[in-house]
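*Asks:* Mind folding the following:
(chains A, B, C and D)
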Protein chains: 2
Amino acid sequence: MYGCGMSLTHALLGLLAVQPRSGYELTKAFETDLGRYAWQAGHTSIYPELGKLAERGLVEVTAEGARGSKTYTVTDAGRAELRTWLMAPPTGQGKVRNEQVLRMFMLSALDPADAVVVLERIAESTAQQADVLRAIREDAGPVEPGPEGFGQLAAEYGLRQFEAVHSWAQWAIEQLTAPART
Amino acid sequence: MYGCGMSLTHALLGLLAVQPRSGYELTKAFETDLGRYAWQAGHTSIYPELGKLAERGLVEVTAEGARGSKTYTVTDAGRAELRTWLMAPPTGQGKVRNEQVLRMFMLSALDPADAVVVLERIAESTAQQADVLRAIREDAGPVEPGPEGFGQLAAEYGLRQFEAVHSWAQWAIEQLTAPART
DNA sequence: TTTCGACATGTCGAGTTTGACATGTATGGT
DNA sequence: ACCATACATGTCAAACTCGACATGTCGAAA
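*Replies:* Below is the predicted model:
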């Protein structure tokens, strides 16, 4: 009945479940952690999708502000839909598409010397990004349930992700630079 | 000039750089680690893309076997294109789309009790998947450069990924079940 | 010998995504 | 007063994705 691009639908519902926002604010949200690790979307997908969501009664416009801005709020039906999606048992595999990871997978196609150069860049960049997130974590207090905790769970996820990739890159460099076997 | 869906192009080039394969074999490759962590693609994208790649002179058909199978081999131009892409400095952010990660980001929109249920499922499933990869690692020897090492780098990446998500999920459960603040 | 499943390639249409284009408003600096 | 910038929403065409459909081969077991 509906297409299977349900992920944007639920990303929007999830964001609005935390707090009502305008399309513009939602667009900004996709430019931070969310878009970096989980799901990308530009305003050209978001505005039409909000329209469809409103038609289906999952969200509604609860305020119109300056410059024609419209604040959307999730309805009870929207919350129910979001919960159903989140609580549903994982169906094998979800869609995965990550250009950075693809680059890592393709590394073996390079001369080992070139691969090491790329891996060193990865190691450096992940270390830096992890440092940034560690600094952010120090500034924040303990995680609280609800809206406040939203960014903290994500930040911690990102941090552990970067640490894992960093240690993997170092391991890979070691493997490639180890003395060749007899 | 060309669309920006360059990632499938390079995924195919990378796979063929390791060894010549048919479209069918390439399709199979996308069903394993590659498709699980890095980039998904079905045969309906792969066959047309191979045609375009051949037109651009990046790959060529070097053998035709039983049942109409065509074996593609990467050309020097294709190798050069792949190297350029891999060695290019990361352009801000690549495309990211991961439904599982999106679910994790949306968890804060749930009651803490529901969130813990989902997190426990994640912790269990990542632990299992990590075990599978650890078993595979034990069976393989040390990593060698070249085609043989291809899958091992990927498997190790996946393993560290699962371990990171597992430990994150456990941390998140602790945060959510910790005694509420005063 | 016939039938089943894995091998192997392909097209098509409906839906999704994306960059380019278009429009207009409020704010702050000069 | 003017200008740049951030705010804010939207359309459109081109490209891309993906499931459904279509076709045919080869080997092995029943």
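*Asks:* which parts of chain A sit against DNA strand C?
*Replies:* A:2-5, A:7-8, A:40-42, A:44-45, A:48-49, A:66-68 (Cβ under 7 Å from any atom of the strand). Any C-beta I mention is one placed from the backbone N, CA and C, and that applies to glycine too.
*Asks:* and these, which are buried?
*Replies:* Buried residues within the residues of chain A next to DNA strand C, counting neighbours by 16 or more other Cβ atoms under 10 Å in any protein chain shown: A:7, A:8, A:40, A:41, A:49.
*Asks:* pLDDT value on the residue nearest in space to the middle of chain A, please?
*Replies:* Centroid-nearest residue in chain A, with Cα atoms, centre = their mean: residue A:38, separated by 2.2 Å. Looking at residue A:38, its pLDDT stands at 93.
*Asks:* need the contact list for it.
*Replies:* Going by Cβ atoms under 8 Å, 6 or more residues apart in numbering or on different chains, residue A:38 touches A:11, B:96, B:98, B:101, B:102, B:104, B:105.
*Asks:* one step back: which one of the residues of chain A next to DNA strand C is nearest to residue A:116?
*Replies:* residue A:40 (29.9 Å; Cβ to Cβ).
*Asks:* thought the closest one was touching residue B:98?
*Replies:* No. Applying Cβ atoms under 8 Å, one finds residue A:40 not in contact with residue B:98, separated by 10.0 Å.
*Asks:* Please report how far residue A:7 lies from residue A:39.
*Replies:* 6 Å (Cβ to Cβ, to the nearest Å).
*Asks:* Need the residues touching each of these two.
*Replies:* Common contacts of residue A:7 and residue A:39 (Cβ under 8 Å, 6+ apart): B:97, B:99, B:102.
*Asks:* From the chain's centroid, how far away is the longest helix along chain A?
*Replies:* In chain A, with assignment by DSSP state H, the single longest helix is helix A:147-177. Relative to the chain's own centre, helix A:147-177 is displaced by 14 Å; criterion: Cα atoms, centre = their mean, to the nearest Å.
*Asks:* where does chain A have low pLDDT?
*Replies:* A:1-4, A:92, A:140-150, A:179-182 (pLDDT under 70).
*Asks:* Show me where it has its strands.
*Replies:* Assigned strands in chain A, in chain order: A:21-22, A:59-64, A:70-74, A:96-98 (criterion: DSSP state E).
*Asks:* Would you mind putting these into TSV with mean neighbour count and distance to chain B alongside?
*Replies:* Below are the strands of chain A laid out as TSV (neighbours: other Cβ atoms under 10 Å in any protein chain shown; distance: least, Cβ to the nearest Cβ, whole Å):
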stretch	mean neighbour count	distance to chain B
strand A:21-22	19	13
strand A:59-64	14	13
strand A:70-74	20	9
strand A:96-98	20	4
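*Asks:* Can you add distance to residue B:171 and give the ones you listed back as JSON lines?
*Replies:* Output for these, formatted as JSON lines (distance: least, Cβ to Cβ, whole Å):
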{"stretch": "strand A:21-22", "distance to residue B:171": "28"}
{"stretch": "strand A:59-64", "distance to residue B:171": "32"}
{"stretch": "strand A:70-74", "distance to residue B:171": "28"}
{"stretch": "strand A:96-98", "distance to residue B:171": "23"}
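*Asks:* from the chain's centre, how far out does stretch A:43-60 sit?
*Replies:* The chain centroid and the centroid of stretch A:43-60 are separated by 20 Å under Cα atoms, centre = their mean.
*Asks:* which residues touch that stretch?
*Replies:* A:8-9, A:12-13, A:16, A:23-24, A:26-27, A:30, A:61, A:72-75, A:77-78, A:81.
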